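> Turn this into a structure:
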Amino acid sequence: MKIQNSVCHKIRILFTHSLKYFYTASSGLKNFPEFVDVGLVDDQPVSYYDSVIREKIPKQDWMAENEGPEYWKRGTERLIGTEQTYKANIDIVKQRFNQTGGVHIVQFMCGCEWDDDTGKVTGFNQHGYDGEDWLSLDLKENTWIAPKPQALLTTNKWNSDRANLEYWKNYLNQECPEWLKKYVNYGRSSLMRTDLPSVSILQKSSSSPISCFATGFYPNRAEMFWRKDGAEIHDGVEKGEILPNNDGTFQMSVDLKLPSSEDGTKYECVFQLSGDNNDKVTPFEKSKIRTNEGKTLVLLMDFKNSMLKRLLIYIKLL
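Numbers count the residues shown, from 1 in each chain. Down below sits the predicted model:
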């Protein structure tokens with residue numbers, strides 16, 4: 001699902017579903033698998049493989065119930081081969097950058113979005129290295145694009161392989177949405193549910209920003225903002241990303257730098273969730289402020305690239 005904000009700041013539901021596969025291959029990371037694959041439907045983990053367990057396994061009951069042993073066996077066999085390819089890819093890219101030791105990560109994301117209302121399909125295929133974009137596939141032009149000169153050699157090679165380009169074009173535009181529709185049908189009751197969050201007002205110290213923290217909501221199409229005297233404010237406000245919890249729900253926060261001349265009594269935090277018509281309003285009350293020890297989700301690394309950051313979060317939670 002995706003969202004649109006109307007003039008009155010309400011969220012309108014648009015039924016867009018997504019299927020994404022994240023690969024990551026790493027070197028130099030202790031206590032972390034060298035290769036991991038995570039499959040997501042509507043940002044819910046549905047399958048998992050890593051170089052330690054060497055088996056593709058379901059992460060949702062509705063996937064295990066609807067796909068038999070042969071499906072998981074085929075996935076395992078394919079990913080064992082993919083694992084070797086991506087381990088080799090790290091060495092290739094390190095050579096391009098004249099790197100030897102240290103921590104390095106090759107990442108990959110591919111998949112599609114399907115609009116349940118219009119039938120529109122959008123495919124994507126992206127590669128990254130050490131948290132930055134490396135290669136991406138332009139499906140309109142059916143060509144690979146390299147934002148960095150070190151990737152030009154790979155780009156030229158891949159662009160000359162017309163058969164592979166046609167494979168990806170067909171997979172992302174035709175095969176991927178067919179799988180997505182099947183998976184959505186498997187898990188419709190779970191994927192279309194609505195879970196409301198608990199909302200807390202947090203503050204580290206009297207000089208720290210005030211943080212409105214919502215956790216436990218689903219789906220991950222939500223909006224949260226601060227109001228003063230009933231009007232939304234933007235000055236001194238910093239919105240955080242929507243991030244996953246380990247139970248399939250999500251969390252988000254929005255910080256407010258309260259002017260020293262004000263005590264906060266005129267402020268309130270507003271949470272809106274796709275699929276729910278009622279705003280969840282939490283007024284600022286000094287007596288109810290909590291320390292933000294509850295925000296325990298720690299990013300493994302400070303990568304610029306949100307694709308890799310989200311992947312590492314999912315892996316940490318699985």
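> per-domain residue ranges of the protein.
Structurally, the chain divides into domains by automatic domain parsing as follows: 2-191, 198-293.
> As JSON lines, those domains with mean neighbour count and mean pLDDT would be great.
(Each C-beta comes from the backbone N, C-alpha and C, glycine too.) Shown next, in JSON lines, are those (neighbours: other CB atoms under 10 Å; pLDDT from 0 to 100):
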{"stretch": "domain 2-191", "mean neighbour count": "16", "mean pLDDT": "91"}
{"stretch": "domain 198-293", "mean neighbour count": "16", "mean pLDDT": "89"}
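> which residue ranges form the helices in the stretch 1-150 of the chain?
Assigned by DSSP state H, counting those that start in this stretch, the stretch 1-150 of the chain shows helices spanning 61-66, 69-96.
> Check which helices and strands the last one is in contact with.
With contacts taken as 3 or more CB pairs under 8 Å, 6 or more residues apart in numbering; DSSP states H and E, helix 69-96 sits against strand 16-27, strand 35-41, strand 44-50, strand 104-115.
> possible to save those strands as TSV with distance to Q272?
Shown next, in TSV, are the helices and strands packed on helix 69-96 (distance: least, CB to CB, whole Å):
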stretch	distance to Q272
strand 16-27	18
strand 35-41	24
strand 44-50	21
strand 104-115	22
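> OK, contacts around V93?
If you count contacts by CB atoms under 8 Å, 6 or more residues apart in numbering, V93 has them with H104, V106, Y129, W134, Q150.
> Check the gap between the last one and K87 for me.
Note on Q150: its distance to K87, by CB to CB, to the nearest Å, is 19 Å.
> How about the fourth one?
Relative to K87, W134 is positioned 16 Å away (criterion: CB to CB).
> Same question for the second one.
As judged by CB to CB, V106 and K87 stand 9 Å apart.
> shared neighbours, those two?
Shared contacts of V106 and K87 (CB under 8 Å, 6+ apart): A25.
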